[in-house]
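**Q** Here is my input, please return the structure:
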Amino acid sequence: MTEDFFNFILNTTKENFTKSQKEVFSDKDYNPYSNDLEIIEDLLDKSEFNKAVEYNNINILLSPRAHFYKNYALEKLNREKDSKSELIFGQKILEGICSTGNGTKEDPYIVTRISDERDVLSYLQEERLSQALVQENGKHLDLLNCKSGNEIYFDITVPYTKMQELMDKGKINLFDPTKSGISNSNKKWWKFW
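**A** Residues are numbered from 1 along each chain as shown. Okay, here's the model as predicted:
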């Protein structure tokens with residue numbers, strides 16, 4: 001993990017979180033649509049808890065879900081102290097995402113991975129009804145309409161731009177599931193949302 005990430009964990013502010021995001025965004029291996037979460041899910045499904053805990057890369061550093069998965073794996077390994085640390089990391093990242101805005105069109109939450117949207121909705125105790133891409137003032141926003149009637153906006157400008165770049169380079173293909181980095185696997189028994 002990086003120094004910016006630890007500074008953010010110790011002092012959870014918007015400034016510290018966005019520094020960590022910028023570090024992730026600028027990494028040459030950054031892929032907001034990577035299948036890293038599915039890889040960890042598969043390891044958990046196979047009860048390969050040590051491998052799930054050891055699985056790390058830049059794409060999951062700021063993923064709340066990755067840390068919650070690791071929390072679960074560490075609980076299964078009876079590593080209580082480490083498990084609590086991962087739980088705190090996941091919660092701090094959700095707080096960090098929520099510090100970037102208020103979820104309105106004018107002040108959307110900024111996410112590192114598109115999967116973060118679902119994590120934030122769960123954190124806010126909201127349930128998605130529909131989703132739409134909104135392009136405005138040079139920004140790409142995901143609008144999530146919730147069952148509660150609330151509208152929540154996420155700024156996905158950087159992930160969207162990176163996805164376009166990866167598609168242009170032929171590194172991902174959203175029309176070929178084997179090359180997309182996106183999985184449509186069935187929900188596993190241990191999945192929390």
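
**Q** Contacts only, for Cys98.
**A** Tyr109, Val120, Tyr123, Leu124 (C-beta atoms under 8 Å, 6 or more residues apart in numbering). Any C-beta I mention is one placed from the backbone N, CA and C, and that applies to glycine too.

**Q** Tell me the buried residues in the helix ranked longest in the chain?
**A** When the chain is scanned for its longest helix (criterion: DSSP state H), the result is helix 80-99. The neighbour-count criterion (16 or more other C-beta atoms under 10 Å) identifies 82-83, 85-87, 89-99 as the buried residues of helix 80-99.

**Q** Stretch 11-26 now?
**A** Thr12, Lys14, Asn16, Phe17, Thr18, Lys19, Ser20, Gln21, Glu23, Val24, Phe25.

**Q** In helices, which of these appear?
**A** Using DSSP H, those in helices are Lys14, Asn16, Phe17, Thr18, Lys19, Ser20, Gln21, Glu23, Val24, Phe25.

**Q** which residues of the chain fall in strands?
**A** 109-110, 128-136, 139-146, 151-155 (DSSP state E).

**Q** does Lys105 really touch Tyr153, like I thought?
**A** Yes - contact criterion C-beta atoms under 8 Å: Lys105 and Tyr153 qualify, at 5.0 Å.

**Q** how near is the residue lying farthest from the centre of the chain to Asn150?
**A** The C-alpha centroid of the chain is most remote from Asn78, which lies 25.6 Å away (C-alpha atoms, centre = their mean). The gap separating Asn78 from Asn150 is 40 Å, by C-beta to C-beta, to the nearest Å.
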